[in-house]
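> predicted model and sequence below, questions to follow.
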Amino acid sequence: MSKIEINNVSLDYFGKKDTFTALKDISFAIEEGEFVSIIGASGCGKSTLLSILEGLNSPTEGIARIDGSEITGTGLERAVVFQHYSLFPWMTALKNVAYGVRQVNRKLPKKKLFEIADEYLSKVGLSKFKQKYPAQLSGGMQQRVAIARALAMSPSILLMDEPFGAVDAKNRVILQELLLQLWEKGEDKKTVVFVTHDIDEAILLSDRIIMMAANPGRIKKEIQINFPRPRNREALVQSKEYANFRKELMSSFFNEKSEKIHGAEVAL
Ligand SMILES: Nc1ncnc2c1ncn2[C@@H]1O[C@H](COP(=O)(O)OP(=O)(O)OP(=O)(O)O)[C@@H](O)[C@H]1O
């Protein structure tokens, strides 16, 4: 049994006048401990797919399962990290992480709760900032807190929707490496579903890439990534294998019909 199974899933959004098919007949499986990225043009349904895995949306057709059971709502075994920092502004970094831990274990004594929060903030390099409020932290730091909170909840599945999309280029690299390190070293390897627009990010992090196409949102290609782990960005990007692999991936990514609508490139 796979950790995640998506079988013939379609999802329609019903408007007042018309219906929009955001996902059409999608099937794939993700094994326990696998790191899978979903890439594709804007509007191809990546976030919609993630919302089904999160349990916020239900397929119009088909079935989505976790550990063999149909997803019927949100669950504490799934933690989510979004592009926009979803921290509570009135809580310190430490309290934000402790809040997450409390959601999964309400009986834990306060002291233990804060010990766990402390441990995870130190894993993401923020020990010195634990008493700061989100507004006192940079965007990259806030995203570290969000990652610490997600990991501290000890989920078996981590759902990440463009988690580094809003941070600057330098912090993006730092966060990618942090996530790679935490995931590769993790004693209990999480199953990760990671939505991104960034091909290099997807190659660096993933075991497999699911490439989607738009109108309607569907799977275009699945690509296995066999670069050995632990991965080192410098060594990886300098290798000939990487250059060839990336070139191939880029050409299938852009080999999609598109049209300029109001000056913007829109995938068809
Ligand atoms: N609630 C909704 N009602 C109607 N249409 C929606 C709704 N949510 C999303 N859509 C449409 O469904 C399609 C898929 O949206 P989705 O956000 O899943 O795409 P995406 O691949 O994540 O895009 P992006 O990369 O820009 O975030 C888009 O055309 C979007 O406009």
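Alright, I've got the coordinates.
> now do the helices in the stretch 1-150 of the chain.
Here the stretch 1-150 of the chain has its helices, by DSSP state H, counting those that start in this stretch, at 46-54, 93-104, 110-123, 139-152.
> and the shortest one with the ligand, contact?
Spelled out, that is helix 46-54. Yes: contact of helix 46-54 with the ligand (C-beta under 6 Å from any ligand atom) involves K46, S47, T48. Just so you know, the C-beta spots here come from the backbone N, C-alpha and C atoms, and that holds for glycine as well.
> now, which of those residues sits nearest V237?
Using C-beta to C-beta, the shortest approach to V237 within the residues of helix 46-54 next to the ligand belongs to K46, at 24.3 Å.
> so what's that closest one up against?
I38, I39, G40, D161, V195, M212, G217 (C-beta atoms under 8 Å, 6 or more residues apart in numbering).
> for it, which non-adjacent residue is closest in space?
Distances taken as C-beta to C-beta, 6 or more residues apart in numbering place V195 nearest to K46, at 4.5 Å, with adjacent residues excluded.
> report the central residue of the chain.
M160 (1.9 Å; C-alpha atoms, centre = their mean).
> okay, that residue: pLDDT?
Note for M160: predicted pLDDT of 96.
> and the one 3 residues further on, by the same measure?
Looking at P163, its pLDDT stands at 91.
> so it versus the ligand, what's the distance?
For P163, the distance to the ligand equals 13 Å [C-beta to the nearest ligand atom, to the nearest Å].
> tell me the SS of that residue?
coil (DSSP: H, G, I helix; E, B strand; the rest coil).
> thinking it is in contact with L175, fair?
Yes: here P163 lies in contact with L175, judged by C-beta atoms under 8 Å, at a distance of 7.5 Å.
> who's more crowded, those two?
P163 (27 against 20; other C-beta atoms under 10 Å).
> quick check: bridge partners of the nearest residue to that one once chain neighbours are set aside?
Nearest residue to P163, sequence neighbours excluded (C-beta to C-beta, 6+ apart): V81, at 4.5 Å. Assessed by DSSP bridges, V81 has beta-bridge partners M160.
> contact residues of the stretch 101-250 of the chain facing the ligand?
With the criterion set to C-beta under 6 Å from any ligand atom, the stretch 101-250 of the chain comes near the ligand through G217.
> where do the strands of the stretch 101-250 of the chain begin and end?
Along the stretch 101-250 of the chain, the segments classed as strands by DSSP state E, counting those that start in this stretch run 157-161, 191-195, 208-213, 218-224.
> for the longest one, packing partners?
Using 3 or more C-beta pairs under 8 Å, 6 or more residues apart in numbering; DSSP states H and E as the contact criterion, the elements in contact with strand 218-224 are strand 19-30, strand 208-213, helix 240-254.
> alpha carbons only: can I get the shortest one in PDB?
When you say that, I think you mean strand 208-213. Provided in PDB are the C-alpha atoms of strand 208-213 (Å, rounded to 0.1, in the frame of the first residue of the first chain):
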ATOM      1  CA  ARG A 208      10.500  12.300  -8.200                       C
ATOM      2  CA  ILE A 209       8.900  15.200 -10.000                       C
ATOM      3  CA  ILE A 210       5.300  15.200 -11.200                       C
ATOM      4  CA  MET A 211       4.900  17.700 -14.000                       C
ATOM      5  CA  MET A 212       1.400  19.000 -14.700                       C
ATOM      6  CA  ALA A 213      -0.200  20.800 -17.600                       C
END
